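In: whatever this is, show me its structure:
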Amino acid sequence: MNTRSVTRSRSGRLITAFALAVTVLTPVVASTSASAATTLTVAQALAAQDGRTATVTGYVVGQPTATTTVITSGYTADTAIALADSAAETGTGRMLYVQVTAAYRSAFGLLTNPGLRGRQVTATGTLTAYFSHGGLKNPTAMSLGGATPGPTPTPTASPNPSPSPTGGGGPYDSTYYASAIGKTGTALRSSLHAIIRTQTKLNYDQVWEALKDTDQDPANANNVLLLYSGRSQSKTSNGGDANDWNREHVWAKSHGDFGTATGPGTDVHHLRPEDVSVNSTRGNKDFDAGGSGVSECTGCYSDADSFEPRNAVKGDVARMIMYMAIRYEGDDGWPNLEINNSVSNGTSPYHGKLSVLLAWNLADPPDAFEKRRNQVIYDRWQGNRNPFVDHPEWATAIWG
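Out: I've put the predicted structure just below:
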């Protein structure tokens with residue numbers, strides 16, 4: 001400070017001191033305000049496109065590629081995600097387009113992490129148009145779930161990278177699924193196949209007793225629950241007569257022509273009790289939406305080439321089909337089973353319809369009955385698990 005500064009008036013010193021105090025305190029006030037900011041919903045963020053910095057939580061519903069276009073499979077880049085207040089949202093007008101900058105692409109880009117779709121993400125950034133649409137740009141933090149985002153990650157590689165968003169959190173992740181956690185796409189598929197192919201194989205007669213255990217009615221231990229019709233029926237009324245229940249192959253055994261010899265035709269992960277006539281109506285049809293109502297099966301529909309189960313088990317059906325496609329890869333003397341987007345597969349080792357099955361998996365997540373069934377098969381019958389019951393998000397991680 002020079003001599004002229006020292007000889008300033010008392011009021012000048014007060015003004016200088018006040019200015020210094022404001023300079024020092026201003027960052028503290030701003031920081032406190034930012035940390036206390038309320039996390040916005042997607043709807044709130046869309047209504048506040050004024051350049052402010054905000055934190056938004058929503059569900060990943062796809063990759064925006066144009067103003068009114070969001071793709072939900074076949075992702076082309078890691079540079080953007082669309083968030084919505086519902087994981088099932090399909091209207092782009094209710095989506096927030098989020099820019100994914102280089103620091104976040106390895107963890108939040110959909111090309112690298114297709115299994116991220118349907119999961120909740122929190123992002124902090126500037127609320128401004130992106131793709132000429134309501135958006136959030138220049139993110140300073142991104143995290144999974146609704147928690148407050150952590151600090152900005154460094155774009156340099158970590159010597160111990162954390163798992164990708166496609167796994168983690170399940171009771172078997174550190175043991176049974178340890179080699180699969182953090183993987184996506186072909187790598188995830190290969191790991192899961194190697195894990196679940198080790199199993200105890202049943203013969204077709206043993207399947208009767210297995211189903212009486214795996215599909216036991218929680219409200220009546222003397223009954224089983226029929227898959228499509230949902231009817232509770234005596235365990236002893238199994239057989240081939242009218243109103244009996246029999247062994248429904250969810251992956252139709254003619255799709256690959258594997259029959260009922262010990263192998264895929266006796267794998268109880270896709271065998272379920274069902275009314276004889278309903279089983280006959282389903283036949284070997286692929287799964288798709290639409291058709292006419294099915295007798296003795298409220299909420300079921302069928303046409304010439306497809307069958308639609310009731311809403312409560314659509315996800316169950318999807319996950320059983322997905323299990324079969326991963327379990328049977330053609331390396332153990334059985335056909336290589338694959339899911340495709342067709343409903344005219346005949347005797348080919350394919351089952352459809354993939355796009356519909358993926359939607360059913362999202363719309364009908366595993367319930368207590370399905371989870372118990374998976375556990376009983378693992379504990380008492382086959383010693384292997386259906387990974388899509390434990391981790392439904394792996395369906396999109398593999399098939400998009």
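In: show residues contacting stretch 390-400.
Out: 72-75, 113-115, 117-119, 165-167, 170, 172, 177, 183-185, 188-189, 192, 315, 318-319, 322, 326, 339, 354, 357-358, 361-362, 365-366, 374, 387-388 (C-beta atoms under 8 Å, 6 or more residues apart in numbering). C-beta: built from backbone N, CA, C; applies to glycine.
In: just the buried residues from those residues, in ChimeraX please.
Out: In ChimeraX syntax, the buried subset of the contacts of stretch 390-400 is picked out as below (16 or more other C-beta atoms under 10 Å):
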select :72,75,113,114,115,117,118,119,165,166,167,177,183,184,185,188,189,192,315,318,319,322,326,339,354,357,358,361,362,366,374,387,388
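In: taking the contacts of stretch 390-400 one by one, which sit in helices?
Out: Secondary structure from DSSP state H places 185, 188-189, 192, 315, 318-319, 322, 326, 354, 357-358, 361-362, 374, 387-388 of the contacts of stretch 390-400 in helices.
In: helices along the stretch 51-200 of the chain, start to end?
Out: Secondary structure of the stretch 51-200 of the chain (DSSP state H, counting those that start in this stretch): helices located at 105-108, 185-196.
In: which one of those is the most hemmed in?
Out: The highest mean neighbour count among those, using mean count of other C-beta atoms under 10 Å, belongs to helix 105-108: a mean of 20.
In: which among the helices of the stretch 51-200 of the chain is found nearest to G93?
Out: If you check each of the helices of the stretch 51-200 of the chain against G93 by C-beta to C-beta, helix 105-108 wins as the nearest, at 22.8 Å.
In: could you dump that closest one to PDB, C-alpha only?
Out: The C-alpha trace of helix 105-108 is given here as PDB (Å, rounded to 0.1, in the frame of the first residue of the first chain):
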ATOM      1  CA  ARG A 105     -18.800 -41.200 -21.600                       C
ATOM      2  CA  SER A 106     -17.200 -44.400 -20.300                       C
ATOM      3  CA  ALA A 107     -19.800 -44.700 -17.500                       C
ATOM      4  CA  PHE A 108     -22.900 -43.000 -19.000                       C
END
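In: hang on, the earlier thing: mean pLDDT lowest where, among the helices of the stretch 51-200 of the chain?
Out: Here the lowest mean pLDDT among those goes to helix 105-108, at a mean of 91.
In: how much space separates F108 from T79?
Out: Note on F108: its distance to T79, by C-beta to C-beta, to the nearest Å, is 10 Å.
In: swap in R373?
Out: 41 Å.
In: over to D303?
Out: Counting by C-beta to C-beta - D303 and T79 are separated by 41 Å.
In: neighbour count winner among those two?
Out: T79 (18 against 14; other C-beta atoms under 10 Å).
In: who are the contact partners of the closest residue to Y104 other than its chain neighbours?
Out: Among residues not flanking Y104 along the chain, M142 sits closest, at 4.9 Å (C-beta to C-beta, 6 or more residues apart in numbering). Residues in contact with M142, defined by C-beta under 8 Å, 6+ apart, are 100, 104, 107-108, 121-124, 149.
In: cutoff 7 Å now
Out: 104, 108, 121, 123, 149 (C-beta atoms under 7 Å, 6 or more residues apart in numbering).
In: can you count the residues close to T262?
Out: Quick note: T262 (other C-beta under 10 Å) scores 12 neighbours.
In: number of residues surrounding L127?
Out: Neighbours of L127 using other C-beta under 10 Å come to 23.
In: cool, N384 as well?
Out: For N384, the neighbour count with other C-beta under 10 Å is 20.
In: please report how far the closest residue to it other than its chain neighbours lies from H270.
Out: Distances taken as C-beta to C-beta, 6+ apart put Q199 closest to N384, at 4.0 Å, once the chain neighbours are dropped. Distance, Q199 to H270, by C-beta to C-beta: 13 Å.
In: next: D85.
Out: Taking C-beta to C-beta, one finds D85 at 35 Å from H270.
In: out of the two, which sits in the busier spot?
Out: Just comparing D85 and H270: by other C-beta under 10 Å the higher neighbour count belongs to H270, 22 against 18.
In: and that one, what does it touch?
Out: Contacts of H270 (C-beta under 7 Å, 6+ apart): 249-251, 320, 323-324.
In: check W334 too.
Out: Contacts of W334 by C-beta under 7 Å, 6+ apart are 258, 263-264, 328.
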